[in-house]
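Peer 1: Build me a model from this:
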Amino acid sequence: MSVRGFVILVALAAWAQTVPLPRIVKQGGTLRLHAPAGAVSATMNGRTVPLFPQSDGGPFGLMPVPANEKPGDYKLDLLDARGSVIESATVAVADAHFKKQNVVIEPALTTLKPAPGESEDASEFRKLVTATRFWSEPLSPPLRSCMTSPYGVQRYLNGKPTGDIHTGLDQRGAAGTPIHAVADGVVKLVRPWALHGNTVGIDHGQGLESMYLHMSRFAVAEGERVKKGDVIGYVGTTGRSNAPHLHWTLYVNGVPVNPLDWVHLSPCAPRVPAKK
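Peer 2: Residues are numbered from 1 along each chain as shown. Sure, this is the predicted structure:
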């Protein structure tokens, strides 16, 4: 065999080596994709996400797995700029066994509707995918407190099913407690909404966003650049809320994902009724 032929075979063998793609993820999880050179996007179950070149390596991107994704095996493809498959893997989506949760609120709040433009603006925020990456892991919880309601639970209001899944998580917090940005980013939303209450939305870049609801007041303005840990607002009970707390959501390429895949939080201990 000639030297030239040997070099070609070595190159082909290197190209054929399997990139270590994720193989299993729970419902609501996020696949962190480290792709080979030349990959510009990834697809799985009809969803396509962009991949971005990183300063410390090859292309990287985030593939969200919705909370209601049916458990089973799915094909994940990495594509080049022409749409050709560079690499494939089978990813198993595991059942997260989300529970049910009943929330008791004032009857008047159950009929509260979004303000004009509220749903549309929230939808546009979720669609943002900007090329600059501001975030790095680990993310930081917005409150140094426990979790009162996890992601993914099937929500009941006053004992009646809503058909909704809790797309974020709730943390306990006294009114006026400072709320912190979970990562560096750019503030894209600062809105006094009806259903969500006073809301801040931050774009962290390359498909990662966070949204914070029910604030009593704001500490940032739209267009402002923030760093991880900066105060962005204060705990309140505006909008559809039964008591002061923080509801926050992480979006990956427009899909709400489980924040517990990104930060560590412990459930709150059950409150013990005071003795009479």
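Peer 1: From now on I want contacts and neighbour counts done on CA atoms only, so please keep to that.
Peer 2: Will do.
Peer 1: what residue ranges in this protein score low on pLDDT?
Peer 2: For the chain, residues meeting the criterion pLDDT under 70 lie at 1-20, 102-105, 155-163, 271-276.
Peer 1: the domain parsing of it - what is it?
Peer 2: 20-94, 104-149+170-261 (automatic domain parsing).
Peer 1: how about these in TSV, adding distance to Ala269 and mean neighbour count?
Peer 2: Shown next, in TSV, are those (distance: least, CA to CA, whole Å; neighbours: other CA atoms under 10 Å):
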stretch	distance to Ala269	mean neighbour count
domain 20-94	24	18
domain 104-149+170-261	8	20
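Peer 1: Which one of those lies nearest to Pro267?
Peer 2: Among the domains of the chain, the nearest to Pro267 by CA to CA is domain 104-149+170-261 (4.6 Å).
Peer 1: so Asp73 touches Ala92, yeah?
Peer 2: Yes - at 4.4 Å, Asp73 and Ala92 qualify as touching, with contact defined as CA atoms under 8 Å.
Peer 1: mind checking which helix or strand Val25 is in?
Peer 2: strand 24-26 (DSSP states H and E).
Peer 1: before we move on, back to that, can I get the domains of the chain in TSV including distance to Pro267?
Peer 2: Formatted as TSV, the domains of the chain follow (distance: least, CA to CA, whole Å):
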stretch	distance to Pro267
domain 20-94	18
domain 104-149+170-261	5
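Peer 1: Follow the chain on from the strand holding Val25 and name the next helix or strand.
Peer 2: Per DSSP H and E, the first helix or strand lying C-terminal to strand 24-26 is strand 30-34.
Peer 1: That following strand pairs with which strands?
Peer 2: For strand 30-34, the paired strands and their directions (DSSP bridges) read strand 57-64 (antiparallel).
Peer 1: Beyond the strand it pairs with, next helix or strand please.
Peer 2: Beyond strand 57-64 toward the C-terminal end (DSSP H and E), the next one is strand 72-79.
Peer 1: now the strand holding Val25, how far from the chain's geometric center?
Peer 2: 15 Å (CA atoms, centre = their mean, to the nearest Å).
Peer 1: which other residues reach that strand?
Peer 2: Residues from elsewhere that reach strand 24-26 (CA atoms under 8 Å, 6 or more residues apart in numbering): 31, 65, 91-96.
Peer 1: Check stretch 116-129 too.
Peer 2: 188-189, 193-194, 201, 203, 205-209, 251, 253-255.
Peer 1: rerun at 10 Å
Peer 2: 49-50, 113-114, 188-189, 191-196, 199, 201-211, 250-256 (CA atoms under 10 Å, 6 or more residues apart in numbering).
Peer 1: Inside helices: which ones of those?
Peer 2: Within the contacts of stretch 116-129, no residue falls in helices by DSSP state H.
Peer 1: And Thr111, how close does it get to Cys146?
Peer 2: Distance, Thr111 to Cys146, using CA to CA, to the nearest Å: 29 Å.
Peer 1: for Ala89, same thing?
Peer 2: Taking CA to CA, one finds Ala89 at 37 Å from Cys146.
Peer 1: What of Asp56?
Peer 2: 35 Å.
Peer 1: Over to Gly72?
Peer 2: Taking CA to CA, one finds Gly72 at 32 Å from Cys146.
Peer 1: just to revisit the earlier point, identify the contacts common to Asp73 and Ala92.
Peer 2: Contacts common to Asp73 and Ala92, judged by CA under 10 Å, 6+ apart, are 23-24.
Peer 1: May I ask you to name the longest strand in the chain?
Peer 2: strand 85-94 (DSSP state E).
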